[in-house]
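Engineer: What follows is a predicted protein model with its sequence.
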Amino acid sequence: MKAISKYVSKFSLELIFWIGALMGILLIDPNGPQHFTLCPLDNLGFHWCPGCGLGRSMSLLTHGDFQASWSMHPMGMFAFAVITYRVIQLIRNFKTTRNHG
């Protein structure tokens, strides 16, 4: 267990999280009949949430359907750009602080 924690501590947890999130966005089917949700408002039964549809919007964006992405959630393109920029920033930071670049 110590070997695993020592190995994982070398990497940025935030970087691992954002890369995993982007991989999840690439893998979900935005046109599927059912989708998994972490939205607490949706899970409580509310039908409106300002963030609902954001993940599906980013997934539609990665599949090249820009119009459907915009109609699903207008901030999907902006959120995808921000997450991608943050991943690039974390990789650059990792490379400069760990002497890998």
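Structural biologist: Structure's in. What do you need? Numbering: from 1, shown residues only.
Engineer: any idea of the pLDDT on His100?
Structural biologist: On the pLDDT scale, His100 is placed at 49.
Engineer: Sorry, slip of the keys, the one I care about is Ile88.
Structural biologist: 93.
Engineer: For Phe94, see how far away it is.
Structural biologist: 11 Å (Cβ to Cβ, to the nearest Å). Backbone N, C-alpha and C define where each C-beta goes, glycine included.
Engineer: mind checking the backbone torsions on Ile28?
Structural biologist: Main-chain torsions, Ile28, degrees, to the nearest 10: phi -70, psi 150.
Engineer: Downstream of the helix or strand of the chain with the lowest mean pLDDT, the next helix or strand is which one?
Structural biologist: Here the helix or strand of the chain ranked lowest by mean pLDDT, DSSP states H and E is helix 2-8, holding a mean of 68. Once helix 2-8 ends, the next helix or strand along the chain (criterion: DSSP states H and E) is helix 13-27.
Engineer: contacts for the helix or strand just after that following helix?
Structural biologist: Using DSSP H and E, the next helix or strand after helix 13-27 towards the C-terminus is helix 40-43. Outside helix 40-43, the residues within contact range by Cβ atoms under 8 Å, 6 or more residues apart in numbering are Thr37, Trp48, Cys49, Cys52.
Engineer: ok now helix 40-43, how far from the chain's centre?
Structural biologist: Centre-to-centre, helix 40-43 and its host chain are 19 Å apart (Cα atoms, centre = their mean, to the nearest Å).
Engineer: going forward, begin numbering at 746 instead of 1
Structural biologist: All right, first residue 746 from here; so that's helix 785-788.
Engineer: buried sites along that helix?
Structural biologist: Buried residues in helix 785-788, defined by neighbour count with 16 or more other Cβ atoms under 10 Å: none.
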